[in-house]
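In: The following block contains a protein sequence and its predicted model.
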Amino acid sequence: MINKIVPTLESALDGIGDGSVIMISGFGGAGLPFELVNGLLERGSRELTIVSNNAGSQGKGISNLVLAGLVSKVVCSFPRQPGSNAFDDLYRAGKLALELVPQGTLAERIRAAGAGIAGFYTPTGVGTELAQGKESKLINGEEFLLELPIHADFALIKADLADRWGNLTYRRSGRNFGPLMAAAARCTIAQASQLVELGGIDPEAVITPGIYVQRVVHVAGGTA
């Protein structure tokens, strides 16, 4: 019997070690799996590479991982957020690396990893510092940059409904990066606000099929 539901946050995060590349869903606070991130903080794994929309804000979520010195690199679109100085201080001190990626490019690089695409060309970033060191190509007289997929060891995502097979739905804007990251990681860990029986999710409503999910942990409500 397939049952991907695990009993605790600690067991959900099993296997995340030093040096792991971890994708974390969320757009601001929407769809960010705060409880999984807090569990990761307690776990204490170091030298992490975090792939997310931003580097955390207001002393919550990802910013706590950064402040604790557990993160060696951030791949994101918005590293600086109001009320959070953790990233700024460590970055300026040379203790934290940054790969800045335009938001649309970030989403497509993650999607490419899940789709098995070796790379894609985009005009975004042409003529800016983001083009340095990247292959470029003229296509129909316009310059494009080659962008490569982003793979991860683990993806931490927040779902609304989940069943024991790992089929997921999301709540409104909380969907954001979750489905893309679930397909791009070797191991996807989803915290779900509500667990339902098999058949409790209309197949037409499933956003992330269980084939992309390895573990589900129930977190009722979750932090907003």
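Out: Nice, I can see it.
In: what's near enough to touch residue 160?
Out: 168-171, 174, 192-194 (C-beta atoms under 8 Å, 6 or more residues apart in numbering). Backbone N, C-alpha and C define where each C-beta goes, glycine included.
In: And the spatially closest residue to residue 209 that is not a sequence neighbour, how far from residue 199?
Out: Leaving aside its sequence neighbours, residue 209 sits nearest to residue 167 (C-beta to C-beta, 6 or more residues apart in numbering; 6.0 Å). Applying C-beta to C-beta, to the nearest Å, the value for residue 167 to residue 199 is 10 Å.
In: With residue 100 instead?
Out: 44 Å.
In: Please identify which of the two sits among more neighbours.
Out: Higher neighbour count among residue 100 and residue 199: residue 100, with 14 against 8, using other C-beta atoms under 10 Å.
In: so what pLDDT did the most far-flung residue of the chain relative to its centre get?
Out: Distance from the C-alpha centroid of the chain, by C-alpha atoms, centre = their mean, peaks at residue 141 (35.0 Å). pLDDT recorded at residue 141 is 97.
In: ditto for residue 84
Out: Per-residue confidence (pLDDT) for residue 84: 68.
In: Least confident secondary structure element in this protein?
Out: One helix or strand of the chain scores below all others by mean pLDDT, DSSP states H and E: helix 86-92, with a mean of 88.
In: And that one, how far out from the chain middle?
Out: Mean-position distance between helix 86-92 and its chain equals 21 Å (C-alpha atoms, centre = their mean, to the nearest Å).
In: Please apply the same query to stretch 180-192.
Out: 8 Å.
In: Then stretch 197-215?
Out: With C-alpha atoms, centre = their mean, you get 19 Å for stretch 197-215.
In: Pull out the buried residues from it.
Out: Residues of stretch 197-215 classed as buried by neighbour count (16 or more other C-beta atoms under 10 Å): 201, 207-208, 210, 212-215.
In: And stretch 48-62, by the same measure?
Out: Going by 16+ other C-beta under 10 Å, stretch 48-62 has these buried residues: 48-57, 60-62.
In: which one of those is nearest residue 107?
Out: residue 53 (8.9 Å; C-beta to C-beta).
In: Verify the stated contact: that closest one with residue 177.
Out: Yes - with contact defined as C-beta atoms under 8 Å, residue 53 and residue 177 form a contacting pair (6.3 Å).
In: any common contacting residues for the two?
Out: 26-27.
In: Export the longest helix anywhere in the chain to PDB, keeping only CA atoms.
Out: Counting by DSSP state H, the longest helix found in the chain is helix 103-115. What follows is helix 103-115, C-alpha atoms only, in PDB (Å, rounded to 0.1, in the frame of the first residue of the first chain):
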ATOM      1  CA  GLN A 103      11.700  35.900 -11.400                       C
ATOM      2  CA  GLY A 104      10.400  34.600 -14.700                       C
ATOM      3  CA  THR A 105      13.800  33.100 -15.500                       C
ATOM      4  CA  LEU A 106      13.900  31.500 -12.000                       C
ATOM      5  CA  ALA A 107      10.500  29.900 -12.600                       C
ATOM      6  CA  GLU A 108      11.500  28.600 -16.100                       C
ATOM      7  CA  ARG A 109      14.900  27.200 -14.900                       C
ATOM      8  CA  ILE A 110      13.000  25.200 -12.200                       C
ATOM      9  CA  ARG A 111      10.400  24.100 -14.700                       C
ATOM     10  CA  ALA A 112      13.100  23.100 -17.200                       C
ATOM     11  CA  ALA A 113      14.700  20.800 -14.500                       C
ATOM     12  CA  GLY A 114      11.400  19.100 -13.900                       C
ATOM     13  CA  ALA A 115      10.700  18.700 -17.700                       C
END
